[in-house]
Every structure is written in structure tokens, then in C-alpha cells.
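>>> sequence plus the predicted model coming up.
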Amino acid sequence: MKQLTRIIKITFAFLYIFKMQIVIIGAEANNRSLVKANNYEEPLIYTLLAVVSLFIFFSLIYLFIKQLGIEWNFQKNDSEH
């Protein structure tokens, strides 16, 4: 449970950082770079959702493997083989 809480906190920290990046990108709209498309938010949101969902998916797999105590020989020290 402690690991899950830590993972959730890290996820929210990443989401906050991405939110700040979006605000910074929006604030620089008057420079000479390419003009943003009208619907740039939609692919950005889908990309962020995909990244976060993959992070959560693999975190749950990691917790599941640790909970079951699954280990392979290559994960152990050489002296234990």
C-alpha cells in the first residue's frame, strides 16, 4: 500500500509538470514559431493519457510480481546461484 501511495504521488507530480509545460507553451504564443492548430489540445491529452495509463499499467504489474514474490535467477547475486 505504501508503494502504491508513492506511485500515485509521483504520477500527480508528473501531471502537474505537464500542466505547467502546457501553460508555458500557451504563454509563448506571440513568438515567431509555428502557429498552433485549433485542436492541439486533443492529441496532447490523448498522448498524456496514453503515457499515464502505460505508467499505471506497468506499475500494477510490478506490484503484482512483488506481491507474489516472483523472482528469476538472473535477478539474484552470483553467490546465491
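Thanks, I have it.
>>> in the longest helix along the chain, what counts as buried?
Ranked by residue count, the top helix of the chain under DSSP state H comes out as helix 41-68. Using 16 or more other Cβ atoms under 10 Å as the test for burial, helix 41-68 gives Ser59. C-beta: built from backbone N, CA, C; applies to glycine.
>>> alpha carbons of stretch 56-71, as CSV, please.
C-alpha atoms of stretch 56-71 as CSV (Å, rounded to 0.1, in the frame of the first residue of the first chain):
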residue,chain,number,x,y,z
ILE,A,56,0.0,2.9,-14.2
PHE,A,57,-0.3,-0.5,-16.1
PHE,A,58,3.4,-1.4,-15.6
SER,A,59,3.4,-0.1,-12.0
LEU,A,60,0.5,-2.5,-11.3
ILE,A,61,2.3,-5.4,-13.0
TYR,A,62,5.4,-4.6,-10.9
LEU,A,63,3.4,-4.6,-7.7
PHE,A,64,1.7,-7.8,-8.7
ILE,A,65,5.0,-9.5,-9.3
LYS,A,66,6.4,-8.3,-6.0
GLN,A,67,3.3,-9.3,-4.1
LEU,A,68,3.6,-12.9,-5.5
GLY,A,69,7.3,-13.0,-4.8
ILE,A,70,8.2,-14.0,-8.4
GLU,A,71,12.0,-13.9,-8.9
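>>> now that stretch: average pLDDT?
Mean pLDDT, stretch 56-71: 89.
>>> for it, which outside residues touch it?
Contact with stretch 56-71 is made by Gln3, Leu4, Ile7, Thr11, as judged by Cβ atoms under 8 Å, 6 or more residues apart in numbering.
>>> ok, of those residues, which come out buried?
Members of the contacts of stretch 56-71 classed as buried by 16+ other Cβ under 10 Å are Ile7.
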